[in-house]
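Undergrad: Mind looking at a prediction? Sequence and model below.
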Number of protein chains: 2
Amino acid sequence: MQSLADIAKLLEKYGKFYILAHKYPDGDAIGSSYALCRAFQSIGKKAKILMEDEIPSKYKFLERYIKKEDFEAEFIISVDIADVNQLGESLNKYSDKINLCIDHHITNKNYADNTFLDTSSASASEIIYALINEMGINVDKGIAECLYTGISTDTGCFKYSNVTAKTHRITADLIEKGIELSKINRILFDTKSRKFLKLESLIYNSLEYFFQGKCAMVFVTPEMLKQCNIMENEFEGIASIPRAIEGVYVGITIREKSLGVYKVSVRTSEKVSAVEICKQFGGGGHACAAGFTFEGKIDNLRMEILSCLEKKLCL
Amino acid sequence: MQSLADIAKLLEKYGKFYILAHKYPDGDAIGSSYALCRAFQSIGKKAKILMEDEIPSKYKFLERYIKKEDFEAEFIISVDIADVNQLGESLNKYSDKINLCIDHHITNKNYADNTFLDTSSASASEIIYALINEMGINVDKGIAECLYTGISTDTGCFKYSNVTAKTHRITADLIEKGIELSKINRILFDTKSRKFLKLESLIYNSLEYFFQGKCAMVFVTPEMLKQCNIMENEFEGIASIPRAIEGVYVGITIREKSLGVYKVSVRTSEKVSAVEICKQFGGGGHACAAGFTFEGKIDNLRMEILSCLEKKLCL
C-alpha cells in the first residue's frame, strides 16, 4: 500500500476531482467528502461531490462549505466506500474508473487503481484530516466542522469501541479551528423528529418484559409506521430501545414487514451472544447485534424466541 | 492563587487525607474524588472519600478502585464543591476545616485555606488529572476510568459547550491507559431505568404543540410519578425532552409539585432567551435553560405562558 505522502504527491498532479460518497450517506460519508472537496477548492482546484441520494436534512448546515461547480473530472476519488455496490445506480458508471479509494473498512474490496486503507481509524474523516495536513492545506473552520461531523457521527459522539486516542487528539485539533461544537452536537444528537417521537411512544406502549426483566421485547407494525407517517430511513436506532433498559441482557425488536413476515433484531449485553441466538433462526450478525427474518405466525415466533432465551437466561 | 506545583508540594507533606464530595454526587464529583483517593492510596498514603449521599448505582463499577479504610485525617480536601452548602448535613462539621479546595465552578466561594480554581476546565476531573501528573503519580487504568467517568458525564459525553481541546487531549491520554470506554459509556449514557422509560412514555402522551410546532409543552403530575414509583433524583433530564423535538424553539416542562404549585422548566434554542421568559414570571436561569415557580390554576399558567410566547414566536 502507498503511504499518505505518496497519495498527497499523486493528488498534486491533478486539478479536477470528482469525490464519490456512498448511497444513503451518513455523517462520515458526508463529512469526509465535504472536507476533501473544500480542501481542494481552497487551493484553487476544482472539486465536486457525487452521491446517489440527497443528504439528510440534519447535515445540510455543511452545504455552505462547498461551492457547486460543473466540469469533467481528471481524477476520481471514493471516500468511505468499501465496495462499489455501495455507489448506487446513478454512480455505477464510475465503478471501474475510480483512481483512488480512501477508506477505513476492514471489508474494503480493493476496487480502485490506488487505495489508502486505514482500518485503525474510527472514521474516514480521520484519514482525510491526516491527508489534508499531508497536502499542506490549511484546515479552516469549514473543513473542521465537516470532519467533526464525520468523526462524531461514526463514533456515536465518542461512545463506541472504535474510538481511539487518535480520534480524541484529532478532535482537539479541530476544536482549535473554532468549530461550534455544541451547536453541531445539538443538531446531530439531541434532535428527534416529531414522527420519531410518536413512534417511540407507540413502541414503549408495546414493551413486554420476560425472565425477571432480563429480556425486553417490543413490536413495530405497519399500522404504527402509518400512524406516524414515518419512512424507512427515518427510524434508525429503534432496535437499540429495548436493550438500553436497565437490567436487560437481551433486547428484541420484532417488526412486521408484511403479513406473516417478521424482521427480528436482537441486541445483547456482553453476557449473551446475539449472533448465536439469530443463527438458530437462520440469521446472522455480531456478538451484540444480530438479526433474522421469520415467516409464520407471530405467536409461534414469540414462543420460539422465548424458549430459545429461556435456556440462556434461566440457568 | 497558588500554582498546581505549589499544591502538589503542599500535598507531599501529608499522609492522611479526607476527600469531600458534594451531596447528590454526579459523575464528576465521584470520578474526581475516586481518582484522587486511588492516586494517594497507590503511593502508600491513607485516603478516604466522604459524601452525604450514597453514589447512584450506575457509578458503582468504580468502587473496586478504592480501598475503604478508617483513620483520622491530617488534611481535608474538597473537590468539585463551589460552596460549603453543598456538603450536606453529615459533612457540615468540616465546613470550616477544609485545607484545600479543587474546583472548576466560576461561582466558587473561596471557603478553604487553599483553593485551586480552574474555570477553563469542563470538569474537576480534568484538574485532578493535571494534579496527579504534577505529583508524579502513575495514572493507571483505575484512575483513568474514574477520570473518564468525570469528564464524560460533565460534558454530556463531549457534547456540551464546555468541551475544549484540552478535554479531548486528556481523554486521549486516558484511553492509552487501557480504559474500557465502550463498556463505561454504555453504563453511563445508554441505559435507562424501567421507571424512567415508563415516565418518559407518560410524558410523551402529554405532549402538546403550539405556534406551528415552535413550542412543545409537556406535563408531569404527582400521579405520574406515583404510577412509575420514581423518586426525585431518578428523573433528571426530563426538562430537555420537549426542546429536543425537531423544529421546536421553546420546550416547556410543567411539573405539578403540589396542589396549585407548579415548577416550570423552559429550554430554548439560540433564537429565544429562556431566562427572559422566566424573569416575567419571577424566575431566573440562563439563555437556553431557565425556570420559575407558579402558584395558581393550571389553566391560567398555560394561558399566561402561551400569551408570553405568542409575542416571541409569532412575529
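TA: Yep, it's here.
Undergrad: can you map out the strands along the stretch 51-200 of chain A?
TA: Secondary structure of the stretch 51-200 of chain A (DSSP state E, counting those that start in this stretch): strands at A:75-79, A:100-103, A:114-117.
Undergrad: Tell me the strands beside the first one, with direction?
TA: Spelled out, that is strand A:75-79. Its sheet considered, strand A:75-79 pairs with strand A:16-20 (parallel), strand A:100-103 (parallel) by DSSP bridges.
Undergrad: tell me how far it is from the chain's mean position?
TA: Strand A:75-79 has its average C-alpha position 19 Å from the chain's average C-alpha position, going by C-alpha atoms, centre = their mean, to the nearest Å.
Undergrad: Ok, the second one next?
TA: Distance, stretch centre to chain centre, for strand A:100-103: 17 Å (C-alpha atoms, centre = their mean).
Undergrad: Dump the C-alpha coordinates for that strand into CSV.
TA: C-alpha atoms of strand A:100-103 as CSV (Å, rounded to 0.1, in the frame of the first residue of the first chain):
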residue,chain,number,x,y,z
LEU,A,100,-8.2,6.5,-5.6
CYS,A,101,-10.1,4.9,-2.7
ILE,A,102,-9.8,6.3,0.8
ASP,A,103,-11.4,4.1,3.4
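Undergrad: Touching that strand from outside, list them.
TA: Contacts of strand A:100-103 with the rest of the structure, by C-beta atoms under 8 Å, 6 or more residues apart in numbering or on different chains, involve A:7, A:10-11, A:32, A:36, A:75-82, A:108, A:110-117, A:124, A:127-128, A:131. For the C-beta atoms, the positions are set from N, CA and C on the backbone; glycine is no exception.
Undergrad: Recalculate using a threshold of 6 Å.
TA: Contacts with strand A:100-103, where a contact means C-beta atoms under 6 Å, 6 or more residues apart in numbering or on different chains, come from A:77, A:78, A:79, A:112, A:114, A:115, A:116, A:117, A:127.
Undergrad: Can you tell me which of these is closest to chain B?
TA: Of all the contacts of strand A:100-103, residue A:127 has the smallest distance to chain B: 17.4 Å, by C-beta to the nearest C-beta.
Undergrad: okay, and for chain A, where does confidence drop off?
TA: Applying pLDDT under 70 to chain A picks out residues A:315.
Undergrad: returning to that earlier point: reformat the contacts of strand A:100-103 as a markdown table; add neighbour count.
TA: As requested, the contacts of strand A:100-103 are exported to a markdown table (neighbours: other C-beta atoms under 10 Å in any protein chain shown):
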| residue | neighbour count |
| --- | --- |
| A:77 | 26 |
| A:78 | 29 |
| A:79 | 31 |
| A:112 | 22 |
| A:114 | 16 |
| A:115 | 18 |
| A:116 | 22 |
| A:117 | 17 |
| A:127 | 24 |
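Undergrad: Does residue A:25 lie in a helix or a strand, and which?
TA: For residue A:25, there is no enclosing helix or strand under DSSP states H and E.
Undergrad: my bad, should have said residue A:266
TA: Counting by DSSP H and E, residue A:266 is part of strand A:261-268.
Undergrad: neighbouring strands for that strand, and are they parallel or not?
TA: Applying DSSP bridges, strand A:261-268 is found paired with strand A:250-258 (antiparallel), strand A:289-295 (antiparallel).
Undergrad: could you point out which element follows it?
TA: Downstream of strand A:261-268, the next assigned helix or strand under DSSP H and E is helix A:274-279.
Undergrad: Any chance you could list what contacts stretch A:33-42?
TA: Stretch A:33-42 is contacted by residues A:17, A:19, A:21, A:47, A:49, A:62, A:65-67, A:79, A:128, A:132, A:137, A:142-143, A:146-147 when judged by C-beta under 6 Å, 6+ apart.
Undergrad: err, stretch A:173-192, not the other one
TA: By C-beta under 6 Å, 6+ apart, stretch A:173-192 touches A:58, A:139, A:141, A:144-145, A:147-148, A:157, B:159-161, B:165, B:244-246.
Undergrad: and which of those is nearest to residue B:88?
TA: Nearest to residue B:88 among those is residue B:160, at 25.9 Å by C-beta to C-beta.
Undergrad: Ignoring the adjacent residues along the chain, who's closest to the closest one?
TA: The spatially closest residue to residue B:160, leaving aside those adjacent along the chain, is residue A:182, at 5.7 Å (C-beta to C-beta, 6 or more residues apart in numbering or on different chains).
Undergrad: Ok, residue A:119 next?
TA: Nearest to residue A:119 is residue A:106, by C-beta to C-beta, 6+ apart, at 4.7 Å.
Undergrad: what about the one you found, how many neighbours?
TA: Residue A:106 has 8 neighbours, counted by other C-beta atoms under 10 Å in any protein chain shown.
Undergrad: separation between it and chain B?
TA: Applying C-beta to the nearest C-beta, to the nearest Å, the value for residue A:106 to chain B is 17 Å.
Undergrad: That residue touches residue A:120, doesn't it?
TA: No: with contacts counted by C-beta atoms under 6 Å, residue A:106 stays clear of residue A:120, the gap being 10.1 Å.
Undergrad: the helices in the stretch 51-200 of chain A, which residues?
TA: A:124-134, A:141-154, A:165-175, A:181-189, A:194-205 (DSSP state H, counting those that start in this stretch).
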